[in-house]
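Q: Next come a sequence and a model predicted from it.
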Amino acid sequence: MITNWTGLRRLCGLVVLAALPSTLGASNLPIPSRGESWSVLKTPHFLIISDARAGEVRDAARHLEALTVAVGKVTGLTINPSFMSTVVLLSSRVTFRSYCEALRGGSCADIGGLYQRGEFGDFLLIDGSDFDAARRTVSRELTHAIVEDSGPGVPVWLKEGVAEFYGDFSIVGSEIRAGSPNPAHLAEIRDHSTLPMATLLAVTEFSPEYTAPNLRRTFYAQSWLTAHCLLIGAPQRKGQLARYLDALAAGQPIESAFSASFGCSTEAFTKELLAYSQSSTMPLLKLPLAEVGSEEPSQPVPIPRDELLSRLGELFSYGRPDGPDAAMPLVDEGLAAAPESASALAMKGWLLSRKGQFDAATPVFERAVAAAPPLPLPYALYGAHLLRRVEGPGAASGSLAADVVKARQLFEKALALSPDYVPALIGFAQTTRGDAGADLTLAISRLERAYILAPARSDVAMLLAEFLGNAGQYARAGQIIDRSVATNPDAAIRSRARELRISLQTSATREMLKSGDTAGAARAIERGLAESPDPETREYLRRELARIREWAQVKELADMANRGDQAGALRSLETLLPTLTDPEAKSQAAALRDRLRAVPAAPTTTPSPTAQPSPTASGAQTSEVPTPPEGTSRYQEALEREALWQRETERYNQAVALNNRHDFEGALRIVEELAKSATNDEVKAAAVTFRNRLRARLGRS
């Protein structure tokens, strides 16, 4: 049975944990006793912590590592060099259930494993009492994570299809096997109508084909069959899948990328797929284990108690709002075993920071880094804590700059130890926000690296898009949003992505309008309309395009008047004015009409052309208006109004600058004033939204 759970998946007994609302008391958290024997085994892609026998740990490591390498070898996908998960392999069902239920806050009678995404690393909790029974669900979910982390914008059908293909992965003697015919999927294909291939290719995490139970069975079956056909069923198509993914990454539309890569239409491939499903025999993937190339695991070694409890504390700190409280007893027990343990001290400082106890956390972090630990995590945790303190309620303005500078130094230390450590790459970039003297190029290059290493992290994609927008690289920023976060199953992330996409589009058109390129601004909006998959963003862009076109019409008539055809310009204005919907375009057109009415003869001086609007960060519009004859009161009123709106816009932008410098109190004072007194409706609305966000950040109602 497949059900949705908080936006992530629960498949056949393996649960992917998201943030849970239930409460977990610290008293329910199991703490390994001092008499228990725990070991650790590191492989190229896993850190396995276990209380099982050495042979069982090595068998699990062999399976997980061979699966990881095989996925890349057979699919042609590039296995992310930074892919690393901490595996907690538990030797008894009773122990597994106690850990699982502490994490879930509920029964784990039907659960065989938990996959937990984390800010500083991912965890896989496995019931090792019968690894052979847990093998299918572990293989499927691990494959899903590997494919998802192989690059940005991996299609949903491919993630699910390849995961289903490798669900039966096993090592038999000296060879690996996978891809055996799935009777349930074949029956679904044979007994029910299939989805059109064009539909399958376009499915996202919130498409009905993925969320509706009656359609989802067909989607999973057809995704598996497509992956099976492309990976081992059609030798003539070898390499075509990789070309298709490259075409998608280059921004080609789905269907044209498909036809160019596979040499046929989606309709023709659907027929080919149906014929494949009717085959009397289907191939099975068999490869010599030596050909896969995965390394033979070494022997596990004992893990120090402080390291064990720090790792378990990190696991229990993720995924739920009360995680820091639940994890603290584990970390305190680790410190009891080794009071100066850098790992345990850093994790304790992080838990205190997440609880908002910033003053208590800082000296704990100082102890953690005092001995210059050789691991990047303590430095990254300390840097993240300082940024949390800067953004937290009641932060002292005088300490902001010093905290940010120190955080940057800590992230640099982490990167010196591990240049591809994603949390440090992200943290370094965050310390450059609003810093006019920071190296924006370096920050972007590090975020680009983080995006390559962690394409499944929406926070990386959003931050990179924001920085690219600040650097004027609007097209690249928009591409990242559309590929990586615009179709995220989390509605809150999609909403933030939409806001950023609109902000980027506004900034891009603003630059064009400032330079007088009204036609270019219109073309940019049209490209956004053609490329954006989000309905709300498209609706905004349609309104923006209509506004720009109205401004272009007014400018054209001003140019006509400047060229001497004042009578023609006036006639056209009289016709145009009733059709205009943008208030500013209408105001400018009315000012120009009144001027032309007042001066019916050829003017003695050359009139100034009407300038196009220049959107600001707040969405307000500023513009120049034609110089009217002396004494035109309506024009004078419009000029005064424009000047006032310009001052309000500048004040709003000043608040934005203060916010970027982490002076939240100063920014709040300005937007409080604008929210009350601004006469420009767009500035006022933006100020209200900004004010509410700042109040929430500062903990005020």
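A: Looks like it came in fine.
Q: Can you give the distance of stretch 470-478 from its chain's centre?
A: A distance of 16 Å separates the centroid of the chain from that of stretch 470-478, by Cα atoms, centre = their mean, to the nearest Å.
Q: err, stretch 275-287, not the other one
A: Once both centres are worked out by Cα atoms, centre = their mean, stretch 275-287 turns out to sit 37 Å from its chain's centre.
Q: start to end distance for that stretch?
A: One end of stretch 275-287 to the other measures 26 Å (Cα to Cα, to the nearest Å).
Q: any residues touching it, and which ones?
A: 70, 73-74, 175-181, 186, 189-190, 225, 228-229, 231-234 (Cβ atoms under 8 Å, 6 or more residues apart in numbering). Bear in mind the C-beta positions are built from the backbone N, C-alpha and C, glycine included.
Q: what mean pLDDT does it have?
A: This predicted structure assigns stretch 275-287 an average pLDDT of 89.
Q: can you pull the buried residues of it?
A: If you call a residue buried by 16 or more other Cβ atoms under 10 Å, then stretch 275-287 has these buried ones: 276-277, 282-283, 285, 287.
Q: likewise stretch 312-326?
A: By neighbour count, with 16+ other Cβ under 10 Å as the criterion, the buried positions of stretch 312-326 are 312-320, 322-326.
Q: Would you reformat those residues as JSON lines and include secondary structure and distance to L694?
A: Compiled in JSON lines, the buried residues of stretch 312-326 are given as follows (DSSP: H, G, I helix; E, B strand; the rest coil; distance: Cβ to Cβ, whole Å):
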{"residue": "L312", "secondary structure": "helix", "distance to L694": "37"}
{"residue": "G313", "secondary structure": "helix", "distance to L694": "33"}
{"residue": "E314", "secondary structure": "helix", "distance to L694": "32"}
{"residue": "L315", "secondary structure": "helix", "distance to L694": "34"}
{"residue": "F316", "secondary structure": "helix", "distance to L694": "33"}
{"residue": "S317", "secondary structure": "helix", "distance to L694": "28"}
{"residue": "Y318", "secondary structure": "coil", "distance to L694": "28"}
{"residue": "G319", "secondary structure": "coil", "distance to L694": "29"}
{"residue": "R320", "secondary structure": "coil", "distance to L694": "27"}
{"residue": "D322", "secondary structure": "coil", "distance to L694": "27"}
{"residue": "G323", "secondary structure": "helix", "distance to L694": "27"}
{"residue": "P324", "secondary structure": "helix", "distance to L694": "25"}
{"residue": "D325", "secondary structure": "helix", "distance to L694": "28"}
{"residue": "A326", "secondary structure": "helix", "distance to L694": "31"}
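Q: and the two most separated of those?
A: Farthest apart among the buried residues of stretch 312-326 by Cβ to Cβ are L312 and D322. That separation is 16.0 Å.
Q: buried stuff in stretch 79-98?
A: Judged by neighbour count (16+ other Cβ under 10 Å), stretch 79-98 contains these buried residues: 79-80, 82-83, 85-91, 95-98.
Q: any idea which of these is closest to F411?
A: When these are compared for distance to F411 (Cβ to Cβ), S82 comes out closest, at 16.2 Å.
Q: What segments of the stretch 401-550 of the chain are helices?
A: 422-430, 440-453, 458-470, 474-484, 491-514, 518-531, 535-562 (DSSP state H, counting those that start in this stretch).
Q: Quick check: which of those helices is buried the most?
A: Each of those was assessed for mean neighbour count using mean count of other Cβ atoms under 10 Å. The highest is helix 422-430, with a mean of 25.
Q: related to what we said a few turns ago, just name the closest of the buried residues of stretch 312-326 to I444, please.
A: Using Cβ to Cβ, these come closest to I444 at Y318, 28.5 Å.
Q: For that closest one, which non-adjacent residue is closest in space?
A: Setting aside the residues directly before and after it, Y318 is nearest to G118 in space (Cβ to Cβ, 6 or more residues apart in numbering), at 4.4 Å.
Q: what does R547 give?
A: What sits nearest to R547 in space, not counting adjacent residues and going by Cβ to Cβ, 6+ apart, is D582, at 4.5 Å.
Q: Could you measure from that neighbour over to R501?
A: Counting by Cβ to Cβ, to the nearest Å, the gap between D582 and R501 amounts to 21 Å.
Q: okay if I get the helices of the stretch 401-550 of the chain as CSV plus distance to W157?
A: Rendered in CSV, the data for these read as follows (distance: least, Cβ to Cβ, whole Å):
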stretch, distance to W157
helix 422-430, 27
helix 440-453, 23
helix 458-470, 20
helix 474-484, 16
helix 491-514, 20
helix 518-531, 21
helix 535-562, 22
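Q: Now the weakest link among those helices, please, by mean pLDDT.
A: helix 518-531 (a mean of 73).
Q: Would you mind getting the angle between it and helix 535-562?
A: Counting by axes from the mean of the first three to the mean of the last three Cα atoms, to 10 degrees, helix 518-531 lies at 160 degrees to helix 535-562.
Q: Taking helix 474-484 as reference, get the angle to helix 518-531.
A: The directions of helix 518-531 and helix 474-484 differ by 10 degrees, with the same axes, to 10 degrees as the criterion.
Q: what's the angle from helix 518-531 to helix 491-514?
A: Interaxial angle, helix 518-531 versus helix 491-514 (the same axes, to 10 degrees): 160 degrees.
Q: chain center to helix 518-531: distance?
A: Mean-position distance between helix 518-531 and its chain equals 25 Å (Cα atoms, centre = their mean).
Q: Check what contacts it and list those residues.
A: Where contact means Cβ under 8 Å, 6+ apart, the residues beyond helix 518-531 that reach it are 251, 474, 478-479, 482, 505, 508-509, 512-513, 537-538, 541-542, 544-545, 548-549, 551-552, 555, 612.
Q: Return the residues in contact with the residue nearest the centre of the chain.
A: When the chain is reduced to its mean C-alpha position, the closest residue under Cα atoms, centre = their mean turns out to be S458, at 1.0 Å. The contact partners of S458, by Cβ under 8 Å, 6+ apart, come to 484-485, 488, 490, 493, 497.
Q: if we go to 7 Å?
A: When contacts are counted by Cβ atoms under 7 Å, 6 or more residues apart in numbering, S458 touches 484-485, 488, 493.
Q: Distance check, it against A486.
A: If you measure S458 against A486 using Cβ to Cβ, the figure is 10 Å.
Q: Also L273?
A: Per Cβ to Cβ, L273 is found 28 Å from A486.
Q: can you check N470 too?
A: From N470 to A486 the distance is 20 Å (Cβ to Cβ).
Q: Report the helix or strand with the lowest average pLDDT across the chain.
A: Of all regular secondary-structure elements in the chain, judged by mean pLDDT, DSSP states H and E, the least confident is strand 2-5 with a mean of 24.
Q: if we can go back for a sec, shouldn't the residue nearest to Y318 be in contact with F316?
A: No: taking contacts as Cβ atoms under 7 Å, G118 lies outside contact range of F316: 10.7 Å.
Q: Convert the C-alpha atoms of stretch 227-244 to CSV, please.
A: What follows is the C-alpha trace of stretch 227-244 in CSV, where atoms were taken according to Å, rounded to 0.1, in the frame of the first residue of the first chain:
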residue,chain,number,x,y,z
ALA,A,227,13.0,2.2,-17.0
HIS,A,228,13.3,-1.5,-17.5
CYS,A,229,13.0,-1.1,-21.3
LEU,A,230,15.6,1.7,-21.5
LEU,A,231,18.1,0.1,-19.1
ILE,A,232,18.2,-3.5,-20.2
GLY,A,233,15.3,-4.3,-22.6
ALA,A,234,16.3,-2.4,-25.7
PRO,A,235,20.1,-2.5,-26.5
GLN,A,236,19.6,-0.2,-29.5
ARG,A,237,18.6,2.6,-27.0
LYS,A,238,21.8,2.5,-25.0
GLY,A,239,22.9,6.0,-24.2
GLN,A,240,19.7,7.6,-25.2
LEU,A,241,18.5,8.2,-21.7
ALA,A,242,21.7,10.1,-20.8
ARG,A,243,21.2,12.3,-24.0
TYR,A,244,17.6,13.0,-23.0
